[in-house]
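Novice: Could you work out the structure for the sequence below:
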Amino acid sequence: MLDDAGLDRLFHALSDASRRGMIDRLSRGPASASELAQPLPMALPSVVKHLAVLEAGGLVTSNKAGRVRTYRLAPAALSRVEDWAADRKAALNAQFDRLEQFLAETSAKGDGE
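Specialist: A predicted model of the protein is given here:
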């Protein structure tokens, strides 16, 4: 399971629209920093800083061959987000189940009086 600091880095990395756009692009396959920068209205150094945030959040990995750094999506990170959301959803559903049971019991007691 992801610790609080790791989860914070992950959600911080996803909090920016430009970074989410890079994730969308990387979901179609690996890309260099310059390829990821093409559609964005920012300079390459800014894109590289965003990519560092994504890498720190565990959402992407990179490798350097010569002068080209290629980025790839790290699907396990998205699974951690999915697991976190699923845990919250399960807890919420359990609360609704208890409320439904309480209301059913209350209604049954009211009908019997």
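Novice: Out of the helices and strands in the protein, which is least certain?
Specialist: Within the chain, judged by mean pLDDT, DSSP states H and E, the helix or strand with the poorest mean is helix 75-112; its value is a mean of 82.
Novice: now the spatially most central residue of the chain: how far from residue 47?
Specialist: Central residue of the chain (C-alpha atoms, centre = their mean): residue 81, 4.6 Å from the mean position. Using C-beta to C-beta, to the nearest Å, residue 81 is found at 22 Å from residue 47. Placement of C-beta: from N, CA and C, glycine included.
Novice: now for the helix or strand that contains residue 52, which elements pack on it?
Specialist: Here residue 52 sits within helix 44-56, counting by DSSP states H and E. Applying 3 or more C-beta pairs under 8 Å, 6 or more residues apart in numbering; DSSP states H and E, one finds that helix 44-56 makes contact with helix 4-14, helix 17-26, helix 33-37, strand 60-65, strand 68-73.
Novice: Can I get the ones you listed in a markdown table including distance to residue 94?
Specialist: Formatted as a markdown table, those follow (distance: least, C-beta to C-beta, whole Å):
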| stretch | distance to residue 94 |
| --- | --- |
| helix 4-14 | 21 |
| helix 17-26 | 30 |
| helix 33-37 | 41 |
| strand 60-65 | 34 |
| strand 68-73 | 32 |
